[in-house]
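Asker: sequence first, then the predicted structure, then my questions.
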Amino acid sequence: MSAVIEEIQDDHHDHKPTGLGRWLFSTNHKDIGTMYLWFSFTMLFVGGSLALIIRAELFQPGLQFVEPEFFNQLTTLHGLIMVFGVIMPAFVGLANWMVPLMIGAPDMALPRMNNLSFWLLVAAFSLLLASLAMSLMGMGSAPNFGWTFYAPLSTTYGPDSTDYFIFSVHLMGISSIMGAINIIATIINMRAPGMTYMKMPIFIWTWFITAYLLIAVMPILAGVVTMMLTDRNFGTSFFDAAGGGDPVLFQHIFWFFGHPEVYIMILPAFGIISQIVPAFSRKKLFGYTSMVYATSSIAFLSFIVWAHHMFTTGMPVATELFFMYATMLIAVPTGVKVFNWVSTMWQGSLTFETPMLFAIAFIFMFTIGGFTGLMLSIVPADFQYHDTYFVVAHFHYVLVTGALYAIFAAIYFWIPKWTGNMYDEGLGKLHFWVSTVSVNVLFFPMHFVGLAGMPRRIPDYNMQFAEFNAIASVGAFVFGFAQLILLYNVVKTIRGRSTEKATDQVWENAEGLEWTLPSPAPFHSFTTPPTVK
């Protein structure tokens, strides 16, 4: 029997794919995690380029560069690419890399499905970007109805490429569901002996809960785009009032998916910050149990607040009150998390390497996004803010200085583990400061133009908004090009030239202090805080 096993192992080693085959057919969680992260990085530059065209158009009043029709295509594809092509794949890539390492598993539970879920994502975005390519070549129009694709804009009036878009969303959803099943199966079945649920790192907990959210809401998205498909091509009238349907039904179904989706994009970020802050505070995470319950509470509440996106559709006052109070309630478990992070830092031996800088900036600026969200939850105020740039400012503070900053922090925190090389700390801090100054120059003025009534998704505007828009556009270009610093730093670290090697204890000797870590398991340097010698 042992001879047969050895022969199978030898055969496996002989046929290990190399070169292009390694990446096309890989079932290794590290390879697949790497592909997810590079895919996300590529989409960041694609979606960011669309945003820069939008901001160039909005630099001054009047139409400079693009027609209103193409402007609508840009805003639609920018939103879709950033949500489904940047934030979510980056978090899935981090999960692929870190979940097996953190729970002591040899790989993900379903490695072949892992490979398929990644390549489905590539197929989905190839379809979506094909519609943009056709638009640029004058062969049709890309989706032009906003990333929320409300009916009847997308059903009755949507361009022919809407059917491409529907198929693309189906593929994204299948990919997400497969990834979520894989993560749940891995966490439940493959934890190291002795790792009970309440001993799992917080990053594992946040992804565990996120995976359940994905499985719950992705079929709802699939349902609503299938209803769109039949309305467009098979004569149904789900969202057509002339045939007995209701366009507002689309908003209910979409946001029943869309609001938990917002938390799918932020819960893994909470997990990342909960790993980084203790490591650079040299303390255990304050309130571990309350963090787990707060994360679970946020996930539950995310399902009962969807209609706060719809206050202006004319719902009964009692319904408005329910959704207003339920939305405000989410601030409580979120506040618990912020309190726990600050308490972890309190009286800790803090050092401020690049991951910690991004983590602290996350806490501060995500909280700004949270406060503006609280303002939007107030029904009579939302009547004024709805569909203005105030909403744009709110969700960009949550998703850029929130989710994207957490991804940056995770890359700097874990890339020594991934590559065996230390990144360039000077470049990391340059990336942080240029990004942080410019991202606030970009998004903070949007609060003011939004409160003054500037509508979103429109390529022209009143002269009174000109100065703030010019400032925001300058911030956009600086922030966009600042990400080239990150790209250069990552490539330099991977190549390992002119960078020092990472030790087993990556973050030891910070600012000349010597730290020891619990033994054995060298990976503890990433999951449990060191103690002072």
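Answerer: Yes, it's here. Numbering: from 1, shown residues only.
Asker: and Met365, how many residues sit next to it?
Answerer: Counted with other Cβ atoms under 10 Å, residues neighbouring Met365 total 21. All C-beta atoms are positioned from the backbone trio N, CA, C, and that covers glycine.
Asker: I figured it hits Tyr397, correct?
Answerer: Yes. Here Met365 reaches Tyr397: they are 5.8 Å apart, a contact under Cβ atoms under 8 Å.
Asker: show me what the helix or strand containing Ile471 packs onto, helices and strands only.
Answerer: Taking DSSP states H and E as the criterion, Ile471 maps to helix 466-495. Here helix 466-495 touches helix 29-57, helix 405-419, helix 425-451, going by 3 or more Cβ pairs under 8 Å, 6 or more residues apart in numbering; DSSP states H and E.
Asker: deepest-packed of those helices, please.
Answerer: Each of the helices and strands packed on helix 466-495 was scored by mean neighbour count; the highest is helix 405-419, a mean of 23, by mean count of other Cβ atoms under 10 Å.
Asker: so that one versus helix 29-57, what angle?
Answerer: Using axes from the mean of the first three to the mean of the last three Cα atoms, to 10 degrees, the interaxial angle of helix 405-419 with respect to helix 29-57 works out to 140 degrees.
Asker: which strands and helices sit next to helix 405-419?
Answerer: Using 3+ Cβ pairs under 8 Å, 6+ apart: helix 405-419 touches helix 29-57, helix 88-103, helix 267-281, helix 354-377, helix 425-451, helix 466-495, helix 524-527.
Asker: what angle separates it from helix 425-451?
Answerer: Inter-element angle recorded for helix 405-419 and helix 425-451: 160 degrees (by the same axes, to 10 degrees).
Asker: against Tyr36, how distant is Leu221?
Answerer: Using Cβ to Cβ, to the nearest Å, one gets 20 Å for the distance from Leu221 to Tyr36.
Asker: I misspoke; the intended subject was Val66.
Answerer: Distance of Val66 to Tyr36, given as Cβ to Cβ: 32 Å.
Asker: check Leu430 too.
Answerer: Distance from Leu430 to Tyr36, by Cβ to Cβ: 26 Å.
Asker: thought Thr313 was touching Glu320, still the case?
Answerer: No. Applying Cβ under 8 Å as the test, Glu320 and Thr313 come out as separate, 10.2 Å apart.
Asker: the more surrounded of those two?
Answerer: Counted by other Cβ under 10 Å, Glu320 and Thr313 do not tie: Glu320 has more neighbours, with 18 against 12.
Asker: contacts only, for the nearest residue to the more buried one once chain neighbours are set aside.
Answerer: Leaving aside its chain neighbours, Glu320 sits nearest to Val379 (4.7 Å; criterion: Cβ to Cβ, 6 or more residues apart in numbering). By Cβ atoms under 8 Å, 6 or more residues apart in numbering, the contact set of Val379 is 311, 320-321, 324.
Asker: turn those residues into TSV, including secondary structure and pLDDT.
Answerer: Putting the contacts of Val379 into TSV (DSSP: H, G, I helix; E, B strand; the rest coil; pLDDT from 0 to 100) gives the following:
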residue	secondary structure	pLDDT
Phe311	helix	97
Glu320	helix	97
Leu321	helix	98
Met324	helix	98
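Asker: just the closest of these to Gly85, please.
Answerer: Nearest to Gly85, judged by Cβ to Cβ, of the contacts of Val379 is Phe311 at 29.2 Å.
Asker: I'd like to know how many residues surround the closest one.
Answerer: Phe311, neighbours per other Cβ under 10 Å, totals 22.
Asker: what sits up against stretch 486-502?
Answerer: 41, 408, 411, 415-417, 419-424, 427-428, 431.
Asker: mind pulling up the pLDDT for Ala459?
Answerer: Not Ala; residue 459 is Pro. With respect to pLDDT, Pro459 scores 96.
Asker: in this structure, where is pLDDT below threshold?
Answerer: 1-16, 498-499, 508-533 (pLDDT under 70).
Asker: run the last query once more with 90
Answerer: Regions of the chain meeting the criterion pLDDT under 90 cover residues 1-21, 138-140, 496-533.
Asker: now the element after the lengthiest helix in it, going C-ward?
Answerer: Criterion DSSP state H: the longest helix present in the chain is helix 202-233. Per DSSP H and E, the first helix or strand lying C-terminal to helix 202-233 is helix 247-264.
Asker: on contacts alone, who are the packing partners of that next one?
Answerer: Looks like helix 247-264 contacts helix 202-233, helix 288-301 (3+ Cβ pairs under 8 Å, 6+ apart).
Asker: what residues of the first one count as buried?
Answerer: So the one you mean is helix 202-233. For helix 202-233, the neighbour count (16 or more other Cβ atoms under 10 Å) marks 202-214, 216-218, 220-222, 224-225, 227-229, 231-232 as buried.
Asker: ditto for the last one
Answerer: When neighbours are counted by 16+ other Cβ under 10 Å, the buried residues of helix 288-301 are found to be 288, 291-292, 294-295, 297-299, 301.
Asker: what does it contact?
Answerer: 198, 202, 205-206, 209-210, 212-213, 260, 263, 267, 270, 274, 285, 326, 329-330, 332-334, 336-337, 340.
Asker: and it, how far out from the chain middle?
Answerer: On the basis of Cα atoms, centre = their mean, to the nearest Å, helix 288-301 sits 19 Å off its chain's mean C-alpha point.
Asker: the inter-axis angle of it versus helix 202-233?
Answerer: 10 degrees.
Asker: could you give the angle of helix 288-301 to helix 267-281?
Answerer: 160 degrees.
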